[in-house]
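A.B. asks: The following comprises the amino acid sequence and a computationally predicted model.
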Amino acid sequence: MDDQDASARIDATVAHPARRYNYLLGGKDNFAADRASAAELEAAMPTVRLAAVENRLFLQRAVRFLARQGIRQYLDIGTGIPTADNTHEVAQAIDPSARVAYVDNDPIVLAHARALLTSTPQGRTAYIDADLREPEKILVDRDLRATLDLDAPVALMLVAVLHFIRDDEDPARIVRTLIDALPSGSYVVASHVTWEYMPPEMTVKLEAANRDGRFRARSGAQLTDLLEGLELVPPGVVSVAQWHADEAPKPRPSVEEVSFNAAVGRVVR
């Protein structure tokens, strides 16, 4: 897809998760509709910006952890609009030969990825315009196959994206399809919004903001089920604020403030 086709798909009047997330992280690549949607979320959950930042910090800690385990390939689905310290930058700071295939289905993300997600000379990055709900198409994509060797360990990154998969879209099948394509020794990094720590009055407001039903919060137990069969890295499924928190800024926020669960799991055949 060329940039003109991508531009034709942009609807500035409808909020988009990637652009809203960009706004919550303090970015400028968003529209009024995205900012209005974020403001509604912030009115319901005043710490939503903190949650977005903590989720981003978790991604960076997880990539550093995996890079130190010798993982050199990353499949990052639901990339979002590039910000500082993206997956390839964190990985290539440890090993310049690391390769990353980014996947997203937002045309603004596509435009920015092409401009900003540039690799070290030793490594490689690619951007794939595809939808998580169609994992088979991702796995056979020509650019993905040219960038990653799926016979060698890969880190599958599903950070802050699974909660946009409804139950009727069978998230367990999607995750399993992707994991089944990875060899033993691969890893899965996942984070997911949860409302299990929130007071009922807050969840009512958040549900009201979910007008199109696209968003689906899930509990830590439900995230564990989605990662069934993986060997979870200690401490297992915990708040993004708590996962390997010794490397995170202090003081640490509470699980109630962040309301994001996360885990890293190893593929073992």
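C.D. replies: It's in.
A.B. asks: which regions of the stretch 51-200 of the chain lie under the pLDDT threshold?
C.D. replies: Counting by pLDDT under 70, the ranges of the stretch 51-200 of the chain that qualify are 114-117.
A.B. asks: how about the helices in it?
C.D. replies: Counting by DSSP state H, counting those that start in this stretch, the stretch 51-200 of the chain has helices at residues 87-94, 107-116, 135-139, 142-147, 171-180, 200-209.
A.B. asks: Dump the fifth one to CSV, keeping only the CA atoms.
C.D. replies: Taking C-alpha atoms only, helix 171-180 is exported to CSV below (Å, rounded to 0.1, in the frame of the first residue of the first chain):
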residue,chain,number,x,y,z
PRO,A,171,-8.9,-14.1,20.9
ALA,A,172,-7.7,-17.5,22.1
ARG,A,173,-7.7,-18.9,18.6
ILE,A,174,-5.8,-15.8,17.3
VAL,A,175,-3.1,-16.1,20.0
ARG,A,176,-2.8,-19.9,19.5
THR,A,177,-2.5,-19.5,15.7
LEU,A,178,0.5,-17.1,16.2
ILE,A,179,2.1,-19.2,19.0
ASP,A,180,1.8,-22.4,16.9
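A.B. asks: and that helix, which residues are buried?
C.D. replies: Buried residues in helix 171-180, counted by 16 or more other C-beta atoms under 10 Å: 171, 174, 175, 178, 179. Heads up, the C-betas are built off the backbone N, CA and C, glycines and all.
A.B. asks: Also the fourth one?
C.D. replies: For helix 142-147, burial by neighbour count (16+ other C-beta under 10 Å) applies to 144, 147.
A.B. asks: didn't residue 53 look like it was pressed against residue 25?
C.D. replies: Yes: between residue 53 and residue 25 a contact is recorded at 6.6 Å, counting by C-beta atoms under 8 Å.
A.B. asks: hmm, back to that, turn the buried residues of helix 171-180 into a markdown table, columns for distance to residue 265.
C.D. replies: Shown next, in a markdown table, are the buried residues of helix 171-180 (distance: C-beta to C-beta, whole Å):
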| residue | distance to residue 265 |
| --- | --- |
| 171 | 15 |
| 174 | 16 |
| 175 | 10 |
| 178 | 12 |
| 179 | 9 |
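A.B. asks: Pick out whichever of those sits closest to residue 263.
C.D. replies: residue 175 (12.0 Å; C-beta to C-beta).
A.B. asks: And the closest one, how close does it get to residue 10?
C.D. replies: 29 Å (C-beta to C-beta, to the nearest Å).
A.B. asks: thinking again about what came up before, for the buried residues of helix 171-180, which one is nearest residue 259?
C.D. replies: Proximity of these to residue 259 (C-beta to C-beta) peaks at residue 171, which lies at 18.7 Å.
A.B. asks: Let me see the contact set for that closest one.
C.D. replies: Listed by C-beta atoms under 8 Å, 6 or more residues apart in numbering, the contact set of residue 171 reads 162, 165, 226.
A.B. asks: What of residue 203?
C.D. replies: By C-beta under 8 Å, 6+ apart, the neighbours of residue 203 are 195, 217.
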